[in-house]
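Chemist: This is a predicted model, with the sequence first.
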Amino acid sequence: ASCCPRRSPPQRAFLWASMRLVRAGLFCLGFHRVEERGAPAPRDAAPILASNHTSFVEAFYLTQRFRASGMAAEDLAAIPMVGNVLRALEFVLVDKADDASRRRAAEDLKTSLGDPRAPRFLVFPEGQTNNGSRLIGFKDGAFRLGHGVQPVAVTYEPRGDYDPTNIDDMVWHFARPCFDLAHPMRVTYLPTMAPEPGEAPRAFAQRVRGALAAELGRATTEHGHDDERLQKHARRRLERRGAPREDLAWALPETGLVKSVLGFDCAEAKGHLDAYLDARAAAVEKPAAYFAALRADESPELRALYDR
C-alpha cells in the first residue's frame, strides 16, 4: 500500500480493510457498541477533531470512525504495516526532538487542512494520555491555522476492576479488556467552534478545552508533557545519588503556569530543579517555593499562584 499513489483505488481498498480490522479488534476487546451523542460536523466546517485523551481506545475508535489523519512520531512509520496505515491515512510524521522536523510538520499540517479532499485531522491537544480526572494543558499547534474545530468528549464506564483510563502498565492496559464481556463507551460531538476575530491561538485552545471540561464535568490544570519530563529528570538524579524512592508529585509544578508566569522553558526549569535538589537538604522545602522566590518581586500574582 505504501508504494501505491496517494488516494489511489488500491490504497483506498487497503485503508478500508485496515479500518475494518481496527474496529474488529476493538470489538474483541469488549467495545461492542459505542454510544454516540450529537452529530459530527461536515469536514468543511470543522476539519479538526479535538478529543480528550485517556486511553488507546479513543485514538483507534475515532481514527477508524472518520479515517482521520493525525500526527505521529517518525519512528512509527518504520514499523511494518503500521507505517503503511499511517501513510494511507496521510498522517503528518514528526521527530519532536528535531526543530526542522517540527517546522516541516507544521507546514504539512497547514497544507493538509487547506486541502478539501484531505481527511479530517484528529488531535489530542493534551499531548499525552492521563487518568481523566482533569483536563491538562492544551498545546495550541492545531489552533494556530484559523480552522474550525469540533470538540469530542470521550468517556468510559469502568466495570469490575478494569478502568480503561488506568495506564500504569501498558501491557495490562491492552490485555485486560479481553477478560470482560463488554465495556461501555460514549462519544459526544460538541458544537463546532471557530476562532474569533483577533483571538490568540492559546485563547482559542483554552476555549475549546473549557467546552470539553464542561461536557466531561472535569476541572482543568496546566500540567503537560514537560511536567513528566521534569519528574523523570528528578527521579534519575535521585537514583544516581542512591536516594530512597519517593513520591515525586512535587516535581510536577504545572509547567504551563511556570512558563506563562515565570517565562521558564523546560530546559530552564530542569536547571532550577537541579539547583533545588542540590539545595534541598539545606533550606528549601518545596520546589514551588523555590521557583516563586526567584522572581516574586517581579510578579505579584506569583504568591497567590503558589499559595493555592
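Modeler: That came through, no problem.
Chemist: which residue packs closest to residue 118, ignoring adjacent ones?
Modeler: Of all residues beyond its chain neighbours, the one nearest residue 118 is residue 112 (4.7 Å), with distances taken as CB to CB, 6 or more residues apart in numbering. (Glycine included, C-beta is placed from N, CA and C.)
Chemist: what does residue 182 give?
Modeler: Here the residue nearest residue 182, using CB to CB, 6+ apart, is residue 30, at 5.1 Å.
Chemist: Now do the SS call for the one you found.
Modeler: Classification of residue 30 using DSSP: H, G, I helix; E, B strand; the rest coil returns coil.
Chemist: list the contacts for it?
Modeler: With contact set as CB atoms under 8 Å, 6 or more residues apart in numbering, residue 30 has these partners: 177-178, 180-183.
Chemist: rerun at 7 Å
Modeler: Residue 30 makes contact with 177, 180-183 under the criterion CB atoms under 7 Å, 6 or more residues apart in numbering.
Chemist: what's the answer for residue 212, then?
Modeler: 52, 135, 151, 153.
Chemist: Where do the helices of the stretch 151-300 of the chain begin and end?
Modeler: Using DSSP state H, counting those that start in this stretch, the helices of the stretch 151-300 of the chain run over 170-175, 201-216, 225-240, 255-257, 266-279, 287-295.
Chemist: So which bits of the second one are buried?
Modeler: Of all the residues in helix 201-216, those buried under the rule 16 or more other CB atoms under 10 Å are 201-202, 204-209, 211-213, 215-216.
Chemist: element containing residue 10, please.
Modeler: Using DSSP states H and E, residue 10 sits within helix 9-28.
Chemist: contacts for that helix?
Modeler: For helix 9-28, the surrounding residues in contact (CB under 7 Å, 6+ apart) are 1, 4, 57, 60-61, 63-64, 67, 85, 88-89.
Chemist: Downstream of it, the next helix or strand is which one?
Modeler: For helix 9-28, the succeeding helix or strand toward the C-terminus, using DSSP H and E, is strand 34-37.
Chemist: Would you mind checking the average pLDDT for that following strand?
Modeler: The average of the pLDDT scores along strand 34-37 is 94.
Chemist: hmm, who's touching that strand?
Modeler: With CB under 7 Å, 6+ apart as the test, strand 34-37 has contacts from 61, 185-189.
Chemist: Please produce a ChimeraX select command covering the buried subset of those.
Modeler: Typed into ChimeraX, the next command selects the buried ones out of the contacts of strand 34-37 (criterion: 16+ other CB under 10 Å):
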select :61,185,187,188,189
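Chemist: where's the dip in pLDDT among the contacts of strand 34-37?
Modeler: Across the contacts of strand 34-37, the smallest pLDDT goes to residue 185, namely 91.
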